[in-house]
Each structure stands twice: as structure tokens, then as C-alpha cells.
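In: Provided below are the primary sequence and the corresponding predicted coordinates.
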Amino acid sequence: MEGMTVMFRMALSSSKRAMLRGWNRLSRKTYSKESLPKAYGHFVFLLPVAPLPCLFYEAYGKNLLFRVVHAKEKDEDILEQADYLYGTGETDKLYKLLIQYKDSDNAEFLWRLARTTRDLSQMSKTVAEDKKKLTYEAFEYTKKALEANEACFAAHKWYAICISDVGDYEGVRKKIGNAFIVKDHLLRAIELNPKDATSIHILGLWCFAFAELPWYQRKIAAVLFAAPPTSTFEEALAYFLKAEEVDSNFYSKNLLMLGKSYMMLNNKNEALFWISKAKDYPAHTEEDKQVQTEAAELLKKLGG
């Protein structure tokens, strides 16, 4: 029995041991043999005192576990609701839901809040002043998401997107400097989740942007940085194809970028195929409509 007591005490933290000592003293004082009827007095002394706090801690642990599980289930319900609102394009409602969790330490809430905040900033109805404010706000949420969980692939993805957006307000040097950071976080997102087609697509956009960079901007970049970021249309195309392989037909813009990459590589047949697919893609969002418009213009140029 003494050995069991030692093992029990080793399993408890110092604070719990202090509570146990207090409980034992209380137990000995309240439930002494003399203060109880004989039958109960005899029964008490057949048992060690330790099971009383054991029962207390077991009940406490079950209660704590219930609260943790309940909180987790509640979080999952909110995230499910958030994903539903995102899927139905209810951006304003989604923002109102998630802004309540801006001080959360849960990366799943924070990166979703960053995403919907950025979506608000991208809307045509958003005035320039609010657009800038929302852009910086979204970036702050991605920073908090990464601090909460560095292993969250979506936090890396949206950090990359949002820091790129912020660069639009901070000049060419900052924008190009941020490009290195953008690529690092996209690569990390893909490493954490190789099946996320969006991260792969965005890396393709990164490559396409630097492959397309005009000569005078290349010159500026070379002056600002000893080794400015560079890429090729072949590299961009490889990422767009990989994204399509991971999740076929997942995004109208990936179809469009496949067509534009083939255009830059002078492959007219493939360009026509992918741009036609982009034009025929069902328009669920404002961006889908913009893609359809651009695709129609490109098809005219290609004579398709």
C-alpha cells in the first residue's frame, strides 16, 4: 500500500501534491474512527486515505476533459460554418463571424480571417482607403496565425499572399525584397501539404511574374539586389500543370494561366485549349467573371 502511495504522488505535480496533503489532513480530522458509527469507522480503516483525492482528481480530470472536448467541438462547428459561408461567397457574413476570433491563438481561425479580410479588400465596391486598411489587417492576421502554429500550411500560404499585397503599398524595393519571402513561404506550404493545388498555382504565378518582368524593371531589380529573383515561363507552366494534376479544374485562373504560359512559349494549340476551358468555366465569383472576360479577349487575339 505504501508503494502505491509513493507511485501516486510521483504522478502528480507539486501543486496537486500540496492539495493532496491538505485533503489527507482534512480526511483524517473529519473521518476519524471515533467520529463515525462503528460500522462506518471499521469500513473507513479498511481503505487507504489516498483513494479520496484519487476520486477527486478523476472527477476533476473528467470535467476538464469534457470542457476541452466541448470547446474543440464548438471550434469545429464554427470552422464548418465559416467554410460553408466561404463556399457560398458570403464574404461579409464570414468576416462578421470570424472577426470575433481576431485575438484567438488558433491558427485555423486566424488564417481564415486573413483570407476573408483580403477578399473584402479585393472587392470592387471597396474604396481605396478601406482597401489599404484591410490589406494590412489581413497581413497582421497571417502573422498571428504563423505564431500560433508554424506547421499550418494555410498560414504560410496566406502569409505569402498577404505580404505580396502589402508590398504594393511600400515601393519597388520592398516589393522585390518581399518576393524572396513569398517564395519561401509558398515552398513551405507545399512541403507541409503537397496536395494543396492553390499553393502550387500561386508559386506558378510567382514564376510567371518574374519571367514576364520588363527589361527596365529587371535593371532596377539588379541595382537593388545582387541576385534579384528570376524565373522562366517553362517553370511557371510546370507549376500550373502540377496544380491541375493535383486538383483538376479546381480554379478558373489556373486554366487561364496555363493558356497564357503556352502563349508565351508559342504553343498556339495548347494555348487555345486551356484558354477556351477558362472561358467556359462556370462563373461563381467576381474573379471567375474577370477570367472569362480576359479569356474571351485572348481567344480573339489567337483567332480562336
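Out: Looks like it came in fine. Residues are numbered from 1 along each chain as shown.

In: just the helices in the stretch 101-250 of the chain please.
Out: 107-122, 128-148, 153-167, 171-192, 197-211, 215-224, 233-246 (DSSP state H, counting those that start in this stretch).

In: ok, and what's touching the first one?
Out: Residues external to helix 107-122 that are found in contact with it (Cβ atoms under 8 Å, 6 or more residues apart in numbering): 75, 78-79, 82-83, 86, 91-92, 94-95, 98-99, 101-102, 104, 126, 130-132, 134-135, 137-139, 141-142, 144-146, 148-149, 152, 154-155, 157-158, 161-162, 165. C-betas here are computed from N, CA, C, even on glycine.

In: Could you export that helix as PDB, keeping only the C-alpha atoms?
Out: These are the backbone C-alpha positions of helix 107-122, laid out as PDB (Å, rounded to 0.1, in the frame of the first residue of the first chain):
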ATOM      1  CA  ALA A 107      -4.300  29.300 -36.500                       C
ATOM      2  CA  GLU A 108      -7.300  27.800 -38.200                       C
ATOM      3  CA  PHE A 109      -9.400  30.800 -37.200                       C
ATOM      4  CA  LEU A 110      -6.700  33.300 -38.000                       C
ATOM      5  CA  TRP A 111      -5.800  32.300 -41.500                       C
ATOM      6  CA  ARG A 112      -9.400  32.100 -42.400                       C
ATOM      7  CA  LEU A 113      -9.900  35.600 -41.000                       C
ATOM      8  CA  ALA A 114      -6.900  36.800 -43.000                       C
ATOM      9  CA  ARG A 115      -8.400  35.200 -46.200                       C
ATOM     10  CA  THR A 116     -11.800  36.800 -45.800                       C
ATOM     11  CA  THR A 117     -10.300  40.200 -44.800                       C
ATOM     12  CA  ARG A 118      -8.300  40.100 -48.000                       C
ATOM     13  CA  ASP A 119     -11.300  39.100 -50.000                       C
ATOM     14  CA  LEU A 120     -13.100  42.200 -48.700                       C
ATOM     15  CA  SER A 121     -10.100  44.300 -49.800                       C
ATOM     16  CA  GLN A 122     -10.300  42.900 -53.300                       C
END
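
In: now it: mean pLDDT?
Out: In this model, helix 107-122 carries a mean pLDDT of 96.

In: List the buried residues of it.
Out: Neighbour counts over helix 107-122 (16 or more other Cβ atoms under 10 Å) mark 107-121 as buried.

In: try the longest one
Out: Burial within helix 171-192, assessed by neighbour count using 16+ other Cβ under 10 Å, is assigned to 175-179, 182-183, 185-186, 188-190, 192.

In: Give me the nearest residue to C152, chain neighbours excluded.
Out: Computed as Cβ to Cβ, 6 or more residues apart in numbering, the closest residue to C152 that is not its neighbour in sequence is A107, at 4.3 Å.

In: repeat for L79
Out: Taking Cβ to Cβ, 6+ apart as the measure, L79 lies nearest to E108, with 5.8 Å between them; neighbours along the chain are not counted.

In: per-residue confidence at I161?
Out: On pLDDT, I161 comes in at 97.

In: Just to check, it is in contact with I202?
Out: Yes. Checked against Cβ atoms under 8 Å, the pair I161 and I202 is within contact range at 6.7 Å.

In: between those two, who's got more neighbours?
Out: Neighbour count, other Cβ atoms under 10 Å: between I161 and I202, I202 has more, with 25 against 22.

In: that older thread, just the buried ones from the contacts of helix 107-122?
Out: The neighbour-count test (16+ other Cβ under 10 Å) marks 78-79, 82, 86, 91, 94-95, 98, 101, 104, 126, 131-132, 134-135, 137-139, 141-142, 144-146, 148-149, 152, 154-155, 157-158, 161-162, 165 as buried among these.

In: how about low-confidence regions in this protein?
Out: 1-72, 304 (pLDDT under 70).

In: nearest residue to L187 other than its sequence neighbours?
Out: Counting by Cβ to Cβ, 6+ apart, L187 lies nearest to L203, which is 7.2 Å off, once chain neighbours are set aside.
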